[in-house]
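# Build me a structure from this.
(2 chains)
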Amino acid sequence: MEARGIWKYFDGNPVLSGVDLAIQHSEVHAVVGENGAGKSTLIKVLGGIYQPDRGILLIDGAPRRLRSPRDALAHGIVVIHQELSLAPHLSSEQNIFLGHFPVTRSGLVDRREMRRRTEVLFDRLSISVDPGCPVGQLSIAQQQMVEIAKALSLDAKVLILDEPSAVLDDDRLQILFGVIRRLRDQGLGLVYISHHLDEIFSIADRVTVLRDGRPTGHAPVADVTEDWLVGRMIGRDFASSPPQSRASGRIAIELRGLSRAGQFDDISFSVREGQVVGLAGLVGAGRSEVAQAVIGAVRPSSGSIAVFEKAVRITGPHAASRLGIAYVTEDRKTCGLLANRPVRENLTISNLKRFSRLCFMRPRHELRFARDLIARLDIRLPGMGHEIRKLSGGNQQKVLIGRALAVRPKILILDEPTRGVDIGAKQEIYAIIERLLAQRVAIILISSELEEILRLSDQIVVLRRGRVAATLSRTQASEAAIMRAAAGGL
Amino acid sequence: MSRSLPALRRGRLADAASRLHKQAGVVLALVLLVLAATYASDRFLTVPNLLNVLRQVAIVGILAVGQTFAILTAGIDLSVGAVLGLSVVLFARLLEHHGLVVAIPLGLLSGAVAGLVNGIGIAYGGIPPFIMTLGMLSFARGLAFIYTGGTPIPILNEDFYDIGNGYVLGMPIPALMLIAALFACGVVLRLTPFGRCVYAIGSNEAAARLSGVAVRRYKVLVYVICGLLAALAGLVYASQLSVGTPIAGQGYELDAIAAVVVGGTSLFGGAGSVFGTFVGTLIIGVLANMLNLTGVDPFVQQLFKGALIVIAVFVMSRPSRG
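Numbering: from 1, shown residues only, chains lettered A, B, ... in the order given. Below you'll find the model as predicted:
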């Protein structure tokens, strides 16, 4: 299979710009790139979910249009998504043959044949899973195997694995690699998506690098080095803006060995007043989970948190805000906006006590506060009574920052504060952050944009698979250094 | 900044205007219905008849006010009819041996307790409101039957009779109770932090929680209010009929839900008001009254009511989609 010059636009913006990808038989082809480089979009094009706006797909040398995932399946192209698509209450054999059950002459499902074929497939993968066990009771790794078996039952010739390692620990990963090698030796072409560089070197034969939707490198893995890959992924030798040193005060918050089973482990760092600590790392490295634990939305299983050098127990977001800790979510839509409520209510919901007396709201007081904040954050809105969902992404984000400010935070956690906002709004949000720092607020900044992290942080903590992979001072930090720590293999 | 300021000056006005806009459809529907009723029957637009309408809608209206709280949080309370039934038999039994000062508080308390159980199950047990209150529906009704052995208890207390049938300042007492409940709940929803949180929870529960709203505590309170108002409706019911029958209020939960949704409150939560619920209650009440006055067969009336609910919600859901 081959993709040539694939372009894909969303809302007029190119997400893929002239991507070529040739998948050979008996080869593992890795696709790497930063978050948002266009890997997922490329997979969706290959799997028939999206149609390319320009470019062609060749299958066995002949141009084809894949109009749907069904079309792709008919050509033996199977995508295994990060989120597995199995029916949890059905057994693994039923899942494998869902939609193409072997039938007896009378038209009923031929259970014996189904069991036999399942065992053949499992044999081919050298795995031992009870074919009759409901999939929901299997481990994630086993479920992944069932997905792969399902792909084989569909006579897959090209198997595309979208970040399969994200849900696996190291031992399971080795088993997966074994299966991948076996399939490769049986003649399949495989596409392996990941941003963990060490995995590329241990499993892939060939690698394509994407950056901002553009192919920036293509080579046999044997010929490349890690530095080359990192360079292609970030695309430039980034000279960070000369750090202006910020006056720092007392330690505002300190995490000591914070852990939560399966999510993050032994996280320690501290933030001083008027300083930014950036939490860098790949998606799934555990950054947001740490933030959630700091505000008490989830309970850490061990470790402690100290606020102004006093050990505290944070039992929930409510308790966190009383300690002066505020959080701006990365997920505006599902955890942030009160979508069908007016801007004013969205701003003040975090601290209603401040705007009420004797059990009654003080509307005038509240309105004055809202107006003041709207002016200070330069939020543009058609009118106070309008629902927040009618604002642009950047203005919505500013409202959420305003909501956090309503609790008069001493410690502010910003989780991807500029995701999905335009460049103008981004600059304004940076300016707001600088102003807060001048007011001695301590900030924990989570961001997938290295440029943003480098620009704002006094110290950078890089997480990798739930652990602190590196702690970099402003002078040590560079995109390459962060990327190397985040993707592994120092 | 210059761009945002003029808009802000219009703030409160725009607020009020947008509220009015949202209610305009419902109010217009009521006006049209009143015009139709006036045209259809001479007797409709007379003071005694209108007061009669108010008295008739009082029970379902009070239930619907409570229901509004549950639905605003994106929940629902299916147990209000059964809780009403339970309170009715309690009022009747307590009045056999005690006075009003004992019977009324205890009867109301039963509703609050049922609501408390609902609220705890939903907020702390994580049981979906539909399921929890469906369970309570059956349970409360069962209790009412066990408590009475299945036979209605007559109520002979004359003072109690006045609650459902008397007048104050020319207004039927049940209608005054409905208006008082509406006013109090309207104030709570519009002007208190609790009311704000009710809307916030219904709009986006995860966001409310992350903003430090004590979501679980407020949810319990919502169902307590719902139960308490169900018992208040039970008080009106028991005194209007002067009998404590365990089947009281069967199916009323659906009438209450109908009034809330016809009044424009979203079943997805976060949008609506008790004012809308009041108008919704009146729409259903006026329709029934009009059909009665014009002598439409009660069986056929059901068809009208069903069609009204669907059409009202269909018409109102259209502009908000844009």
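# Near chain A, which residues of the stretch 201-322 of chain B are found?
Within the stretch 201-322 of chain B, the positions near chain A by C-beta under 8 Å from any C-beta of the partner chain are B:203-204, B:206-214, B:266, B:270-271. Where you see a C-beta, it was placed from the backbone N, CA and C, and this is true even at glycine.
# Please enumerate the strands of the stretch 201-350 of chain A.
A:206-211, A:214-220, A:251-260, A:264-272, A:276-281, A:302-307, A:310-312, A:325-328 (DSSP state E, counting those that start in this stretch).
# just chain B next, same as before
B:153-154, B:167-168, B:171-172, B:243-244 (DSSP state E).
# Is it correct that A:Gln459 is in contact with A:Ser270?
No - the criterion here is C-beta atoms under 8 Å, and A:Gln459 misses it with A:Ser270 at 9.1 Å.
# Relative to A:Thr41, which of the residues of the stretch 201-322 of chain B next to chain A is nearest.
Among these, B:Ala206 lies closest to A:Thr41 (C-beta to C-beta), at 27.6 Å.
# count of neighbours near the closest one?
15 (other C-beta atoms under 10 Å in any protein chain shown).
# now do A:Ala486
A:Ala486 has 24 neighbouring residues, counting by other C-beta under 10 Å.
# do A:Arg313 as well
A:Arg313, neighbours per other C-beta under 10 Å, totals 9.
# Could I get the phi/psi values of it?
phi -110, psi 120 (degrees, to the nearest 10).
# Please report how far it lies from chain B.
Separation of A:Arg313 from chain B (C-beta to the nearest C-beta, to the nearest Å): 16 Å.
# separation between the residue nearest to B:Gly66 when sequence neighbours are not counted and B:Leu63?
Leaving aside its sequence neighbours, B:Gly66 sits nearest to B:Leu229 (C-beta to C-beta, 6 or more residues apart in numbering or on different chains; 3.4 Å). Distance, B:Leu229 to B:Leu63, by C-beta to C-beta, to the nearest Å: 7 Å.
# Same question for B:Val220.
Separation of B:Val220 from B:Leu63 (C-beta to C-beta) stands at 19 Å.
# So which of these two has more stuff around it?
The residue with more neighbours, out of B:Val220 and B:Leu63, is B:Leu63; 32 against 21, by other C-beta under 10 Å.
# Skipping adjacent residues, who's closest to that one in space?
Here the residue nearest B:Leu63, using C-beta to C-beta, 6+ apart, is B:Ala256, at 3.9 Å.
# so who does A:Val15 touch?
A:Val15 makes contact with A:8-9, A:38, A:41, A:213, according to C-beta atoms under 8 Å, 6 or more residues apart in numbering or on different chains.
# Now the phi/psi pair for it, please.
phi -100, psi -30.
# Do you know the pLDDT at it?
pLDDT for A:Val15: 82.
# cool, and A:Tyr50?
On the pLDDT scale, A:Tyr50 gets 89.
# residues contacting it?
Neighbouring residues of A:Tyr50 by C-beta under 8 Å, 6+ apart: A:8, A:41, A:44.
# can you give me the helices in the stretch 201-322 of chain B?
B:205-210, B:215-241, B:252-262, B:274-293, B:298-317 (DSSP state H, counting those that start in this stretch).
# Tabulate those (TSV), appending mean pLDDT.
As requested, the helices of the stretch 201-322 of chain B are exported to TSV (pLDDT from 0 to 100):
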stretch	mean pLDDT
helix B:205-210	93
helix B:215-241	96
helix B:252-262	94
helix B:274-293	93
helix B:298-317	85
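# Indicate which one of the ones you listed is closest to A:Thr225.
helix B:205-210 (43.2 Å).
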